[in-house]
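Undergrad: can you look at this prediction? I've put the sequence above it.
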Amino acid sequence: MATEKVSILKAFKTIIWPRRNLVLLGLLLIVLNKAASFVAPVSLRYFFDDIVPNADYPLLKTVVILVAIAFLIQGITSFLLTKVLSIQAQYMISELRAQVQKQVLSLPIRFFDNTKSGALVSRIMSDVEGVRNLIGTGLVQLVGGTITAIVSLILLLRVSPTMTLLTFAPLILFALIALKVFKVIRPVFRERGKINAEVKGRLTETLAGIRVIKGFNAEAQEAKVFENGVAKIFKNVKKSLTATAIMASSSTFLLGLATTVIMMGYGGHLLIEGTITKGQYLEFTFLLALMVAPILQMSNIGSQLTEALAGLDRTEELMNKTAESDEKDRTQRLQRLKGDVVFSNVSFAYEEDKEVLHNISFKAKAGEVIALVGSSGSGKSTIAGLAASFLNPDGGTITVDGKDLAKIDLTSFRQFLGVVLQDDFLFEGTIRANILFPRPNATEEELQGAVKAAYVDEFTDRFDDGLDTLIGERGVKLSGGQRQRIAIARAVLANPKILILDEATSNLDTESEALIQKSLAQLTKGRTTFVIAHRLSTIRKANQILVIENGRIAEQGTHDELIATEGRYYNLFTYQARI
């Protein structure tokens, strides 16, 4: 219960209070709307007790005009409520989505390694949807309904205190049931958001990997996985429907008991006894309807607000995670970078007590090419990730130009960083847009320089639209070698001081590789470069070659030095030469 109070208070502080002027306008409109709604039922007493028996036409005219004005006010205020608050609620959703997406992008790489991208998409797009009820018509209707119920109760007591108390007893019982139901379904809604994210995440992966699925004839297998996911959603929905069904059935019985049985029984008795007039009975009937309607409405709005708070809970989980830029020690900003990188006894573990790197130490002078070789899973990509500060060491230190990398502001560091990864990720759009990604405002001359350096023009010249050719999702319309060359052109345009090449030539044919090797030779000049390569022939000119085995440096030296020792590198190189 304490957690719920904190969440509600936080929602008020972060979402409602900054928009208090708009909420106050909404409340003013709802008060006018509800005040106007009392005119018709109150006028019924005068209609039946004064106007009709006395044939009072002047009073009839006055009452009709007042009722017409009241309905006009209701119409205008209802329109303004929907227009003003609904539009603001949708704007709030857009604003909150942007904030959540910005927060997600600021999180460290480790977070993304453990979270499905499809699940994150669901949390960004879906979890904030229900929040519109915290400022939209949901909240205002809840407050307005409460005001209506209170005013109705006061007017009902004026007509008949005894009949009011009798009809009010079942309503109190219904309110207690509703509160219990809301407490039960909030965790159900929260769990539903989690399940939805998981199912959408898997669906996103399925659609992205459609070629693999069809290639292995696995459609039925994936269909089964999805069926299991939607079955979980169904079970969750069934729980919430059971709870709301209890509330609906109790409302039917208890509100029916209050509005019909008690009204007919005790109200009929008062009419027969002459304690109340027909006009008062009709006034009481309509006022009771005005009080019951918002109570029924509140049960629906309460479900919406409960779902909104559950979504807000999940959104808060993301917003409360520590961003890379929020790391307290990262206070040093780099104005320039030479490129000296030193690893000193660096250790790293993806999981606690399972180190993948053990006491790694080496020096990379500015402008040197450091090649990392070794078997798959030996720790090469982890070293590159640490050099790019995608990961933070668990032990030891990494320094850049003598400064501890763990204390350097990441934005200022990564402006000097360029990466060409093994997974040559391209965005849907044109070849031009993908190359310009690191520097959208680069000149045409700079763009063409990068295109020529990576030999992208060798294949774009054959396309009708040249650099403006659409490449499809993840560059699916291009070959692996073409995608790789675009990724390299992107790195050339970034003009970094530290360059990470993770299998940068892995997807190239022999002819393309020869072209790219020439461009890489130019690209690496004056830049500290970390090269991960299985093709050892591509790193013969590296200043240092580190042979990584089981998270340790097994051998270290130049190509000629390592060949001369006839150790692990010698065996790898001669084996590849024979293939």
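TA: That came through fine.
Undergrad: switch to C-alpha atoms for all contacts and neighbour counts from now on
TA: OK.
Undergrad: what is the subsequent helix or strand relative to the host helix or strand of Arg490?
TA: Per DSSP states H and E, Arg490 falls inside helix 480-494. Of the helices and strands lying after helix 480-494 in sequence (DSSP H and E), the nearest is strand 498-502.
Undergrad: starting at the chain centroid, how far to the helix holding Arg490?
TA: Relative to its chain's centre, helix 480-494 lies at 30 Å (CA atoms, centre = their mean, to the nearest Å).
Undergrad: so what does it touch, helix or strand wise?
TA: Contact here means 3 or more CA pairs under 8 Å, 6 or more residues apart in numbering; DSSP states H and E; on that basis helix 480-494 packs against strand 417-420, helix 431-435, helix 444-453, helix 510-523.
Undergrad: tell me which residues of the third one come out buried.
TA: Of the residues in helix 444-453, those scored as buried under the neighbour-count criterion (16 or more other CA atoms under 10 Å) are Leu447, Gln448, Ala450, Val451, Ala453.
Undergrad: which other helices and strands does that helix contact?
TA: helix 480-494.
Undergrad: show the average pLDDT along the helix it packs on.
TA: Averaging pLDDT along helix 480-494 gives 84.
Undergrad: could you do stretch 37-54 as well?
TA: Mean pLDDT, stretch 37-54: 81.
Undergrad: hmm, who's touching that stretch?
TA: Applying CA atoms under 8 Å, 6 or more residues apart in numbering, the external contacts of stretch 37-54 come out as 56-57, 59-60, 63, 66-67, 70-71, 74, 277-280, 282-283, 286-287.
Undergrad: which of the residues you listed are buried?
TA: Looks like the contacts of stretch 37-54 have 60, 63, 66-67, 70-71, 74, 277-280, 282-283, 286-287 buried, using 16+ other CA under 10 Å.
Undergrad: among those residues, which two are most distant?
TA: Across these, no pair lies farther apart than Gln74 and Thr277, at 28.6 Å, counting by CA to CA.
Undergrad: tell me which of the contacts of stretch 37-54 fall in helices.
TA: 57, 59-60, 63, 66-67, 70-71, 74, 278-280, 282-283, 286-287 (DSSP state H).
Undergrad: let me know the closest of those residues to Ile172.
TA: Closest approach to Ile172 among the ones in helices among the contacts of stretch 37-54 (CA to CA): Leu287, at 17.0 Å.
Undergrad: OK, contacts around that closest one?
TA: Counting by CA under 8 Å, 6+ apart, the residues that Leu287 touches are Phe38, Pro41, Val42, Ser152, Leu155, Leu156.
Undergrad: 10 Å instead, please
TA: 37-38, 40-42, 148-149, 151-156, 159, 281, 293 (CA atoms under 10 Å, 6 or more residues apart in numbering).
Undergrad: which of those has the most neighbours?
TA: Counting neighbours by other CA atoms under 10 Å, Thr148 leads those with 27 neighbours.
Undergrad: surely Gln99 touches Met319?
TA: Yes: using CA atoms under 10 Å, Gln99 makes contact with Met319 at a distance of 8.5 Å.
Undergrad: more neighbours, those two?
TA: Using other CA under 10 Å as the criterion, Gln99 and Met319 rank with Met319 on top: 17 against 13.
Undergrad: just to revisit the earlier point, which single one of the contacts of Leu287 is nearest to Glu473?
TA: Scanning these for proximity to Glu473, where the rule is CA to CA, the winner is Ala293, at 51.2 Å.
Undergrad: how far away is that closest one from Ala70?
TA: 18 Å (CA to CA, to the nearest Å).
Undergrad: show me the contacts for Cys206.
TA: Let me fix one detail, which is that residue 206 is Thr and not Cys. Lys200, Val212, Ile213, Glu219, Glu222, Ala223, Phe226 are the contacts of Thr206 under CA under 10 Å, 6+ apart.
Undergrad: between those, which is nearest Ala406?
TA: Lys200 (35.5 Å).
Undergrad: and that closest one, what element?
TA: With DSSP H and E as criterion, Lys200 is part of helix 161-208.
Undergrad: mean confidence score for that helix?
TA: On average, helix 161-208 scores 78.
Undergrad: numbering from 108 from now on, please.
TA: Okay, using 108 as the starting number, the last item reads as helix 268-315.
Undergrad: about what we covered before: let me know the closest of the buried ones among the contacts of stretch 144-161 to Ile284.
TA: Leu394 (23.3 Å).
Undergrad: against Ala256, how distant is that closest one?
TA: Counting by CA to CA, the gap from Leu394 to Ala256 is 9 Å.
Undergrad: which neighbours do the two share?
TA: Joint contacts of Leu394 and Ala256 (CA under 10 Å, 6+ apart) are Leu262, Ala400.
Undergrad: coming back round to it: just the buried ones from the contacts of Thr313, in ChimeraX syntax?
TA: Here is the ChimeraX command that selects the buried residues among the contacts of Thr313 (16+ other CA under 10 Å):
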select :307,320,333
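Undergrad: which one among the contacts of Thr313 gets closest to Gly525?
TA: Distance to Gly525 across those (CA to CA) is lowest for Val319, with 30.2 Å.
Undergrad: which residue packs closest to Ser224, ignoring adjacent ones?
TA: Closest residue to Ser224 apart from its sequence neighbours, by CA to CA, 6 or more residues apart in numbering: Gly308 at 6.4 Å.
Undergrad: check the burial of the one you found by counting its neighbours.
TA: Neighbours of Gly308 (other CA under 10 Å): 19.
Undergrad: then Asn548?
TA: A count of neighbours around Asn548, defined by other CA under 10 Å, yields 10.
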